[in-house]
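Asks: predicted model and sequence follow; I will ask about them next.
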Amino acid sequence: MTSQIHLLSFPEHTEGVHHALDNAVRDPADRRFRGSSMIDYWQNVARILERGKFDGIFFADTAAIYDRYKGRPDESIKYGLGWPRHDIMPTLALMAAATERLGFAFTQSIGGAFPYPLMRLISTLDFLSDGRVGWNIVTGNTRMEYDAIGIEALEHDSRYDRADEFMEICRALWDGIPRDAILMDTEGGIVADPAKVGRVDVEGRYLKSRAVPLVVPSPQGRPVLFQAGSSGRGQRFALQNADVIFAIQSTTENMRRYVEQLRAAAEEQGRSDPVRVIFGLQIVLGSTEAEARQRREELLSRYTLEASLARLSGSLGIDFSEIDLDSPMEEWPSQASQGLVKALSSDMGGGKRLTLRDVAKTWATSIGTPHVVGTPEQVAAEIETIWRNTGCHGFNLRPATIPDSIEDFVDNVIPILQARGVFRTEYEGPTFRDNILGTGAGA
Ligand SMILES: Cc1cc2nc3c(=O)[nH]c(=O)nc-3n(C[C@H](O)[C@H](O)[C@H](O)COP(=O)(O)O)c2cc1C
């Protein structure tokens, strides 16, 4: 556990019936899909988060539509289940232009991608933002993602084998231009020393690259790396590559066990870097506890069973239209996310085993993250308690509605966390790495 809690905000950049909360289509104040007014909308969100000294903002992503439910995309289109979903990168650049310290973590699948062009894009964004980018590496778990680009999907573990090769090429690209290679000698007209610029030469089973890196590294050298794979193979990959591991666990006890298990695995694997885990939490605030509970009930009343099942089917790669809703959630085999299936089918506390119907509701209302509901004092106290009891690095906080829930948290919960001495009052440094890893000069 670090001496400070690290916080990311976790909104969606889709209409977002990811769950009943954060549902843009029902919220007239939401402008996520209102053309160019989106720019001002997201820049405002970024400024609010920076005012609250958040480490950063985090965006999940899936690079194609969900079509598992009933074997068709219709429900995803009808309810806006991660559809439409624009590429977040241009929006991130606009948010970076409106801020100076906030970090930007985003998900980019490597499923159908090649390292050289993808790294060119991500590293350019990192360079332009002076080192404020984080990349959540996902290996691509929806079949549609592969159908859309016309290639065969690899099976679960092979995707991680390919990902190992992908990362080897990325590292060679990031390390290929050391700082002292850039000369910028104005008198001699010399830009860089070719002897110091590395060459990439990787020939793997799945990927090859022979190249010279094109993008000068940002002040943080390489983006902060996130990973969320939680199967055995996924964890091994995460421990080899990620600076920060993102996980969803339903109870404090499950979170504690998860961190403990991951630390043991890290030791076995010989990882020297600390294991930093951030857990998803769903926040619902009110000025009294009763008001917060009522707000939660109001938000939950938006829940639609069919929408949730369709989204869950897409995320887990299982067609839930064919399964009895009152059967207990089991560890059904999943090519998409074994880790998530395991988390959702595990004990939710008190020895309770959830049915598929229960899981659909849990998913709709929080994607399996615990709800933290109450006054700012109660929410701050609970966040601190979870942090202390689990040994986690911090949290990825889901807002209920955007931007008002984010602003409410920044104005009312952050000052309490700061007064308790568990959250920064100033950024530790200029880069995302400085802040989220706590390696900045002010740390
Ligand atoms: C908390 C969490 C968040 C995830 N977010 C995404 C995401 O935004 N996009 C995506 O394609 N996959 C996402 N995944 C899927 C994982 O990256 C991974 O591909 C999937 O879980 C399969 O690996 P596993 O069986 O090792 O868990 C997420 C998984 C977890 C546990």
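Replies: Noted; the coordinates are in hand.

Asks: rest of the way, CA atoms for contacts and neighbours
Replies: Noted.

Asks: residues of the chain that sit close to the ligand?
Replies: Where the chain comes near the ligand, counting by Cα under 6 Å from any ligand atom, the residues are 60-62, 107, 138-141, 228-231, 233-234, 246-248, 336-340.

Asks: among those residues, which are in strands?
Replies: By the criterion of DSSP state E, membership of the residues of the chain next to the ligand in strands covers Thr107, Val138, Phe246, Ala247.

Asks: next up, the contacts around the last one.
Replies: The contact partners of Ala247, by Cα atoms under 8 Å, 6 or more residues apart in numbering, come to Ala228, Ser230, Val277, Ile278, Phe279, Gly280.

Asks: in ChimeraX, how would I select the buried members of the residues of the chain next to the ligand?
Replies: Buried members of those, identified by 16 or more other Cα atoms under 10 Å, are gathered into one ChimeraX selection as follows:
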select :60,61,62,107,138,139,140,141,228,229,230,231,233,234,246,247,248,336,337,338,339,340
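
Asks: what ranges does the stretch 101-250 of the chain have for its helices?
Replies: If DSSP state H, counting those that start in this stretch is used as the criterion, the helices of the stretch 101-250 of the chain fall at 115-128, 143-149, 156-175, 232-241.

Asks: mind telling me which of the ones you listed the model trusts least?
Replies: Ranked by mean pLDDT, the helices of the stretch 101-250 of the chain end with helix 143-149 at the bottom, a mean of 90.

Asks: buried residues in that one, which are they?
Replies: The neighbour-count criterion (16+ other Cα under 10 Å) identifies Arg143, Met144, Glu145, Tyr146 as the buried residues of helix 143-149.

Asks: might one say that Ala364 is in contact with Arg302?
Replies: No - proximity of Ala364 to Arg302 does not meet the contact threshold set by Cα atoms under 8 Å, at 9.4 Å.

Asks: the two: which is more packed in?
Replies: Comparing Ala364 with Arg302 by neighbour count (other Cα atoms under 10 Å), the higher total belongs to Ala364, at 25 against 16.

Asks: return the member of the buried residues of helix 143-149 nearest to Gly52.
Replies: Taking Cα to Cα as the measure, Glu145 is the one of those closest to Gly52, at 36.0 Å.

Asks: show me what contacts the closest residue in space to that closest one that isn't next to it in sequence?
Replies: The shortest distance from Glu145 to any residue that is not its chain neighbour, by Cα to Cα, 6 or more residues apart in numbering, is 4.9 Å, and that residue is Ala64. With Cα under 8 Å, 6+ apart as the criterion, the residues that contact Ala64 are Thr142, Met144, Glu145, Ala148.

Asks: where along the stretch 251-400 of the chain do the helices fall?
Replies: Counting by DSSP H, counting those that start in this stretch, the stretch 251-400 of the chain has these helices, from start to end: 252-269, 289-300, 305-316, 338-345, 356-366, 376-390.

Asks: that older thread, state the pLDDT value of the residue nearest to Glu145.
Replies: At Ala64, the model reports a pLDDT of 89.

Asks: do the same with Glu187
Replies: You'll see Glu187 listed with a pLDDT of 96.

Asks: can you report how many residues neighbour it?
Replies: Per other Cα under 10 Å, the neighbour tally for Glu187 reads 6.

Asks: can you lay out the contacts of Ala247 as a markdown table showing distance to Thr124?
Replies: Output for the contacts of Ala247, formatted as a markdown table (distance: Cα to Cα, whole Å):
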| residue | distance to Thr124 |
| --- | --- |
| Ala228 | 24 |
| Ser230 | 29 |
| Val277 | 27 |
| Ile278 | 26 |
| Phe279 | 29 |
| Gly280 | 28 |
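
Asks: now the residues you listed as a markdown table including pLDDT?
Replies: Below are the contacts of Ala247 laid out as a markdown table (pLDDT from 0 to 100):
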| residue | pLDDT |
| --- | --- |
| Ala228 | 90 |
| Ser230 | 78 |
| Val277 | 97 |
| Ile278 | 98 |
| Phe279 | 97 |
| Gly280 | 96 |
